[in-house]
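Visitor: heads up, no residue letters with this:
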Ligand SMILES: O=c1[nH]c(=O)c2[nH]c(=O)[nH]c2[nH]1
């Protein structure tokens, strides 16, 4: 039996980086979590412990901080591209790099109705995300949204599913539909207005969730991805992971009360998990964009 080294990568996970742009009295905050992964000729360190080709993960972390000082961070996709290209361009053994970045939002505190110059409150759980992959000369960008919690209090049905000896779920033509969106979309190229694209994709997904009458969360998932692909030529493929955050009607009959879809128990777990990919049938080969993601 021969044993060989399979796919591998290494890097520094979850480097916490906060920058303050101080080019006047109004400060601008960026709050990022950056993870780097390098790939390439790394057999020696695995097989013999020869580290001559191993750019230390500590150096990778330091590079993130130094790059944040040397030029404005800008959009997370651009920052990821700069870092990934640097690692591939400067290390002989490193042929590929993946840089993942989560951006945590901050809102300015309103003081007397006016946004404060340098005081902020965390925007909540939602994060803007990106995963930039550079392989040799080529680059792929997969951006997204994490932790965007949505709910609609009507406009959702679920019925017509098979009933076997284990089925107890009642059919419904009016239920709460709630989820926390994890969305990732792969860009066709890297010449993109990242901020505008993110803003529009987010808007399209939210509007579709709100307005599409839902017969299943699966149908809603597809419609959200379809809306993005129809409107945004720069996007090749959308992947969505949608937990079904169940809201169960509370049985109020023991108290002589009727529950007209007004009182719910919000269950924590288990939850349905609906996941899917929506893509163009002529989409280009995604290369290593999703590998070892
Ligand atoms: O939208 C839904 N899809 C399902 O697959 C499912 N399964 C379930 O129990 N409830 C729901 N709701």
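Guide: Now that the structure is in, tell me what you want to look at. Computed from a predicted model, the values in this text were never measured in an experiment.
Visitor: is stretch 271-287 in proximity to the ligand?
Guide: Yes: Stretch 271-287 reaches the ligand (C-beta under 6 Å from any ligand atom) through residue 272. In this view, the C-beta of every residue, glycine as well, is placed from N, C-alpha and C.
Visitor: now stretch 177-190
Guide: No: using C-beta under 6 Å from any ligand atom, stretch 177-190 stays clear of the ligand, coming no nearer than 7.4 Å.
Visitor: how about the strands in the chain?
Guide: Ranges of strands within the chain are 15-21, 28-40, 94-111, 114-135, 138-152, 177-187, 235-244, 247-249, 264-266, 272-279, based on DSSP state E.
Visitor: now those strands in a markdown table, with distance to residue 210, mean pLDDT and mean neighbour count?
Guide: As requested, the strands of the chain are exported to a markdown table (distance: least, C-beta to C-beta, whole Å; pLDDT from 0 to 100; neighbours: other C-beta atoms under 10 Å):
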| stretch | distance to residue 210 | mean pLDDT | mean neighbour count |
| --- | --- | --- | --- |
| strand 15-21 | 33 | 98 | 14 |
| strand 28-40 | 28 | 98 | 20 |
| strand 94-111 | 21 | 98 | 19 |
| strand 114-135 | 16 | 97 | 17 |
| strand 138-152 | 6 | 98 | 19 |
| strand 177-187 | 10 | 98 | 22 |
| strand 235-244 | 15 | 98 | 22 |
| strand 247-249 | 17 | 97 | 15 |
| strand 264-266 | 19 | 98 | 13 |
| strand 272-279 | 18 | 98 | 15 |
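Visitor: measure the closest residue to the ligand within the stretch 1-150 of the chain to residue 73 for me?
Guide: Nearest to the ligand in the stretch 1-150 of the chain, going by C-beta to the nearest ligand atom, is residue 150, at a distance of 13.6 Å. In this view, residue 150 and residue 73 are 29 Å apart by C-beta to C-beta, to the nearest Å.
Visitor: now the end-to-end length of stretch 233-253.
Guide: 53 Å (C-alpha to C-alpha, to the nearest Å).
Visitor: so what's the gap between that stretch and the chain middle?
Guide: In terms of C-alpha atoms, centre = their mean, to the nearest Å, the centre of stretch 233-253 is set 15 Å apart from its chain centre.
Visitor: show me which residues of the chain sit near the ligand.
Guide: Residues of the chain lying near the ligand (C-beta under 6 Å from any ligand atom): 158, 169, 216, 217, 218, 244, 272.
Visitor: what sits against the second one?
Guide: Read it as residue 169. Contacts of residue 169 were listed using C-beta atoms under 8 Å, 6 or more residues apart in numbering, and they are residue 161.
Visitor: wait, isn't the residue of the stretch 1-150 of the chain closest to the ligand in contact with residue 206?
Guide: Yes: the pair residue 150 and residue 206 passes the contact test of C-beta atoms under 8 Å, sitting 7.2 Å apart.
Visitor: where do the domain boundaries of this structure fall?
Guide: Using automatic domain parsing, the domain ranges for the chain come out as 8-136, 145-284.
Visitor: make TSV out of those domains and add distance to residue 290.
Guide: Output for the domains of the chain, formatted as TSV (distance: least, C-beta to C-beta, whole Å):
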stretch	distance to residue 290
domain 8-136	9
domain 145-284	8
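Visitor: okay, and which of the residues of the chain next to the ligand map to helices?
Guide: Among the residues of the chain next to the ligand, the ones falling in helices (DSSP state H) are 217, 218.
Visitor: farthest-separated two in the residues of the chain next to the ligand?
Guide: Pairwise distances across the residues of the chain next to the ligand peak at 15.3 Å for 169 and 218 (criterion: C-beta to C-beta).
Visitor: for the nearest residue to residue 47 once chain neighbours are set aside, report the pLDDT, please.
Guide: Using C-beta to C-beta, 6 or more residues apart in numbering and skipping the chain neighbours, the partner closest in space to residue 47 is residue 5 (6.8 Å). With respect to pLDDT, residue 5 scores 97.
Visitor: check contacts around residue 5.
Guide: 43, 46, 47.
Visitor: and what of residue 226?
Guide: residue 278.
Visitor: what about it, distance to residue 204?
Guide: Remark: distance between residue 226 and residue 204 (C-beta to C-beta) = 10 Å.
Visitor: before we move on, what about residue 93?
Guide: 42 Å.
Visitor: okay, those two: which has more neighbours?
Guide: residue 204 (19 against 16; other C-beta atoms under 10 Å).
Visitor: just the closest residue of the stretch 51-200 of the chain to the ligand, please.
Guide: residue 158 (4.4 Å).
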